Every structure is written in C-alpha cells, then in structure tokens.
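K.L.:
With the sequence up front, the predicted model follows.
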Amino acid sequence: MFQSHTLRAELKRCLIMATPLIGAQLLQMCNGLVDAVVAGRLGRAELAAGGIGAGIWFFVSLLCVGLMAGLSPTLSELIGHRRRNVVGEVFRQGLWLGVIAGALGSALILLIRANLASTALAPELHPLIADYLLAVCWSMPALAIVMAARNVCEATNLTRPVLWVQLFGLLVNIVVDLTVGLGLFGFPKLGLFGIGLATSAVTVCMALALLHLLRGESFSRYNLFARVDYPKWQHIKPMLMLSLPIFFALVFEAGLFTATAYQSGVLGTLPASAHFIAIGATAFCYMLPLGLSFALTARIGRVHGRGQAESVRLRVFSGVLLTIAMTLITAILLLLFRHQITALYTNDMAVRSLAAQLLLIAVFFQLSDGMQATLLGMLRGFKDTKIPMLINLFAYWMIAFGIGYWLAHHGGWGVHGLWAGLVIGLTVSALLLGWRLRFQVNRFRPDS
C-alpha cells in the first residue's frame, strides 16, 4: 500500500491536471443544456426532435473524437521518452487525420438526414430533425481540429487553454441560440435550424482559438507549426491503428445511447422528451469522470513509457479513488435535485414527472458509468484498446440493449425498461474493464 503523503500528492497532481478538462467537459454539456432549454421553449415536438438530432450529431461526432483519440497517448509516450522533436510532426499528421475524419462526419450526417423518412420515428419529428442536421453538419471538420488541439494540451499537461476556449464557446452558443434560435433582439426565429447553426459556430470559433493558443510560448518547445507537412502514412498508420479500437469502443457505447434515444422516439413524443431531459442530466454528471479519464490516459502513458511500474500503480489507484468520490457526489445530487433539474428544461408537467422517474433510475448507474469511463482512459494509457473494444461490444449491445429492448417492448416497462438495460449493461462493462486493468497492472514490468 502507498504511503499517505505519496497518495495525497498524486491525488493533488492528478486533480490539478484534470480540473480544467473536467471544467471543459461541463461547459461543453452546458452547450447542450442551453440548446435543450431553447428547444423546450419552442415546444414539446421541438424538444423531442432536438434530443434525437443531438443524439445523432453526438454519435457521428465520435468519428472525429474516436479517430483522434490515439493522438494523446502517442504524444504522451513521445514526451515521456523526451522525444520533443517528433511531437510537432506527429501533431501535424494528426491534423490531416482530423480533416479527413471531419469530412466523413459531415457526409454521414447528410446521409442520415436524407433517410429520415424511412425511420419509425413519429412523422411530425422528421422535418424538425432534418432542419437541425442540415445546420449542424458543418461543425464536423472544425470538431476534428478541436480534438487534435485538445490532445496536445492533454499530452503536455497544459490543460488550462482547453477550459478557457470551452468557456468562450459557451458564450458564442448562448448568443447564437438566443438570436437565431428564439429570434430575440430582432433576429429571425429559425428554431432548430438556428440551434444547429449555433453548434457549428461554436466548433469553428473553438478550433480557431485553440490553434491560436497552441502558437503561444508554452507550446513553443514542441515546434507544432514549424512547417507545413504533407500526409505521411508512417505517422498516420500507428495513430490510426491505436485509434480505431477506441473509435469502435466509443461507437458501441454512444450507439447504445443513440439507439435508446431512437427507441424512446418509437414509444412516443412524451417518452422521447423525458428521455432527452434525463439523459442530458446524466451526461452532465458523466463529464466529471470523463474529464478525469483524459488526464489519466496522459499521466499513465508517460510513466508507462518510462517503465515506472510503481508510478503506474499509484496513478491507477488514485484514479479509482477519485472516480468513486465523483460518482458518489453526482448520485446524491441526482437523488436530491431530480425534480428541480427537470424543471429547467420544460414547463410540461407530464414530461417533467417522467423525466424525474428516469433520473431516479440513473442514480443506480452513476458508479458503474463513471468507473467504466476512467477504466477505459487508464487502459488507453497502457495502449490497450482492442480488448476494451470487445468488452464494450458485449456489455452494451448483447446485455444493455438486448435486455432494455425486451423490457421496453415485450415486458411492458416502456422507457423505464430501456433505462433498466442501461443500468445492467454499464455495470457489466465496469466489472469486465476492471478485470482487464488489473491484468495489465499485474503483468507490467519496467522492461516490458
């Protein structure tokens, strides 16, 4: 067991690095909250359509987030080996990968939009979702650039720029949502199309701001913008090989939540609206362990690259302790304030009542949901991505979706059944990922 002063010092260092990332994730969720509040003021149908459209955008955005995810552990290992001269070159290749991923994401959103009429969603939602997707699709290339820049900040332990840029993005989102979303201050009222435009405007502004900050003195030692490079497969390939399992793991997880949102839409407008509110609130809580997981990936990646076995164990143990503390806090907050949370979104009492019931279910998966996020982050620090991908596939689609679908459509549980499936699937995922991390820690040796 670690000495208390050593553990306290590690917890402090981890929190110093993770806090800006957690703050940035919370601010990012505030963007979704603002969008949801504006959509709720437009009407019940707009709230449901906005939730489904936002779920589609989030699912497609994982093409950018997932394909860029290998950049952070790659850069962390290079910095751990003190190969700073290579960091800039790898970053520039990461930008090329991001531009390609962003273009594919935009095309995929437009393809989904073109096929909305063939879905089983309520017909009145089709045009509303189509408006949102048309406006939001242009955010994808800029989002990929944001992720590349964020990965540099995480790998270098210089995470404060991420927080300030995300705050700037939130301000942009509020202004655009109020003006062209609700039509205030004399601007045209564009509804969900205006909300989608706000998301695109935010990502473009954030991408430009982060690229500007990376040119600052704090990052000058890495020569990030020393020259313009053409795509080089020898650099892109290892990043892609590391990123693809991460991408699929994210797709399996986000696909589960997107499919759950879709199934709630099949059940009706009321369940879809309540699900949108509840999943938004729980996603807000999820940002704490998710931001922590980004920091843990970089911190474990560095000491793993140096072969420091004891430091690896210390950082893993501190990550688990911090996750338990965070998820207990979020569970208590959801339990105590679930009715007040739903009141922020809508004045529709039927929607608020059902959403509060779903938040009560969410209390039970806070620990497992948060733990699986940080466990995935720590495993990425080991560059272990393939087995976690398979664990996600099994836990989310064979367990969570299978049980949830049956309970919702055959067991008579409705939307409550979908959420019961989430509880079971996330718990299975956390247990299996914990087993995998223990295996990696036990077999790690300084000369491995």
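P.N.:
Cool, the structure landed. Just so you know, these numbers come straight off a predicted model, no measurement behind them.

K.L.:
can you give me the helices in the stretch 151-300 of the chain?
P.N.:
Applying DSSP state H, counting those that start in this stretch to the stretch 151-300 of the chain gives helices spanning 160-176, 192-214, 233-267, 269-306.

K.L.:
so of these, which one's packed in deepest?
P.N.:
Mean neighbour count (mean count of other CB atoms under 10 Å) peaks for helix 269-306 among the helices of the stretch 151-300 of the chain, with a mean of 25. (Glycine included, C-beta is placed from N, CA and C.)

K.L.:
what's the helix or strand for A142?
P.N.:
Secondary structure assigned from DSSP states H and E places A142 in helix 140-155.

K.L.:
Taking helix 233-267 as reference, get the angle to that helix.
P.N.:
120 degrees (axes from the mean of the first three to the mean of the last three CA atoms, to 10 degrees).

K.L.:
Lowest-scoring secondary structure element of this protein by mean pLDDT?
P.N.:
helix 71-80 (a mean of 76; mean pLDDT, DSSP states H and E).

K.L.:
hey, where'd the helices end up in the stretch 1-150 of the chain?
P.N.:
Going by DSSP H, counting those that start in this stretch, the stretch 1-150 of the chain shows helices at 4-42, 44-68, 71-80, 84-114, 126-136, 140-155.

K.L.:
among the helices of the stretch 151-300 of the chain, which is nearest R82?
P.N.:
helix 269-306 (9.3 Å; CB to CB).

K.L.:
packing partners for the next helix or strand along the chain from the closest one?
P.N.:
As assigned by DSSP H and E, the chain's next helix or strand after helix 269-306 is helix 309-345. Other elements packing on helix 309-345 under the criterion 3 or more CB pairs under 8 Å, 6 or more residues apart in numbering; DSSP states H and E are helix 4-42, helix 269-306, helix 349-362, helix 366-381, helix 415-443.

K.L.:
Measure how the longest one sits relative to helix 366-381, angle-wise.
P.N.:
Counting by the same axes, to 10 degrees, helix 4-42 points 120 degrees away from the direction of helix 366-381.

K.L.:
same deal with the third one?
P.N.:
Here helix 349-362 runs at 60 degrees with respect to helix 366-381, directions being taken by the same axes, to 10 degrees.

K.L.:
Just the C-alphas of helix 349-362, formatted as CSV.
P.N.:
Coordinates of each C-alpha in helix 349-362 appear next as CSV, following Å, rounded to 0.1, in the frame of the first residue of the first chain:
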residue,chain,number,x,y,z
MET,A,349,-45.7,18.6,-16.1
ALA,A,350,-46.1,15.2,-17.8
VAL,A,351,-42.6,15.4,-19.3
ARG,A,352,-41.1,16.6,-16.0
SER,A,353,-42.7,13.8,-14.0
LEU,A,354,-41.5,11.0,-16.3
ALA,A,355,-38.0,12.5,-16.6
ALA,A,356,-37.7,12.7,-12.8
GLN,A,357,-38.5,8.9,-12.6
LEU,A,358,-35.8,8.2,-15.1
LEU,A,359,-33.3,10.3,-13.1
LEU,A,360,-34.1,8.1,-10.1
ILE,A,361,-33.0,5.1,-12.1
ALA,A,362,-29.9,7.0,-13.2
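
K.L.:
contact partners of it?
P.N.:
44, 47, 270-271, 273-275, 277-279, 281-282, 285, 334-335, 338-339, 341-343, 345-346, 415-416, 419-420, 422-423 (CB atoms under 8 Å, 6 or more residues apart in numbering).

K.L.:
How about stretch 412-419?
P.N.:
With CB under 8 Å, 6+ apart, stretch 412-419 has contacts from 260, 263-264, 267, 271, 274-275, 278, 354, 357-358, 361-362, 404-409, 411, 420.

K.L.:
returning to that earlier point: could you check the angle helix 84-114 makes with the least confident helix or strand of the chain?
P.N.:
Going by the same axes, to 10 degrees, helix 71-80 makes 180 degrees with helix 84-114.

K.L.:
Which strands or helices does helix 71-80 pack on?
P.N.:
Helix 71-80 packs on helix 84-114, helix 140-155, helix 233-267, helix 269-306, helix 366-381, going by 3+ CB pairs under 8 Å, 6+ apart.

K.L.:
Let's have these in a markdown table, adding distance to L63 and mean pLDDT.
P.N.:
Shown next, in a markdown table, are the helices and strands packed on helix 71-80 (distance: least, CB to CB, whole Å; pLDDT from 0 to 100):
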| stretch | distance to L63 | mean pLDDT |
| --- | --- | --- |
| helix 84-114 | 5 | 86 |
| helix 140-155 | 8 | 88 |
| helix 233-267 | 7 | 81 |
| helix 269-306 | 18 | 85 |
| helix 366-381 | 18 | 91 |
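
K.L.:
quick one: which of the ones you listed is nearest L213?
P.N.:
Taking those one by one with CB to CB, helix 140-155 is closest: 7.9 Å.

K.L.:
which strands and helices sit next to that closest one?
P.N.:
helix 44-68, helix 71-80, helix 84-114, helix 160-176, helix 192-214, helix 269-306.

K.L.:
And the fourth one, how far out from the chain middle?
P.N.:
Going back to what we said before, that points to helix 160-176. Mean-position distance between helix 160-176 and its chain equals 16 Å (CA atoms, centre = their mean, to the nearest Å).

K.L.:
Equivalent analysis for the shortest one, please.
P.N.:
Distance of helix 71-80 from the chain centroid (CA atoms, centre = their mean) equals 20 Å.

K.L.:
next one: stretch 91-109
P.N.:
17 Å.

K.L.:
got the buried residues for it?
P.N.:
91-102, 104-106, 108-109 (16 or more other CB atoms under 10 Å).

K.L.:
residues touching L328, list them.
P.N.:
L328 sits in contact with 366-367, where contact means CB under 8 Å, 6+ apart.

K.L.:
circling back: possible to save the helices and strands packed on helix 71-80 as TSV with distance to L163?
P.N.:
Shown next, in TSV, are the helices and strands packed on helix 71-80 (distance: least, CB to CB, whole Å):
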stretch	distance to L163
helix 84-114	20
helix 140-155	10
helix 233-267	22
helix 269-306	10
helix 366-381	18
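
K.L.:
now the helices and strands packed on helix 140-155 in TSV, with distance to V428?
P.N.:
TSV is the format used below for the helices and strands packed on helix 140-155 (distance: least, CB to CB, whole Å):
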stretch	distance to V428
helix 44-68	21
helix 71-80	25
helix 84-114	29
helix 160-176	32
helix 192-214	33
helix 269-306	17
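
K.L.:
So for R150, which of those helices sits nearest?
P.N.:
Of these, nearest to R150 by CB to CB is helix 160-176, at 5.5 Å.

K.L.:
Report the angle between that closest one and helix 192-214.
P.N.:
Using the same axes, to 10 degrees: helix 160-176 against helix 192-214 is 150 degrees.

K.L.:
Now do helix 160-176: everything it contacts.
P.N.:
20-21, 23-24, 27-28, 30-31, 34-35, 150, 153-154, 194, 197-199, 201-203, 205-206, 209-210, 213-214.
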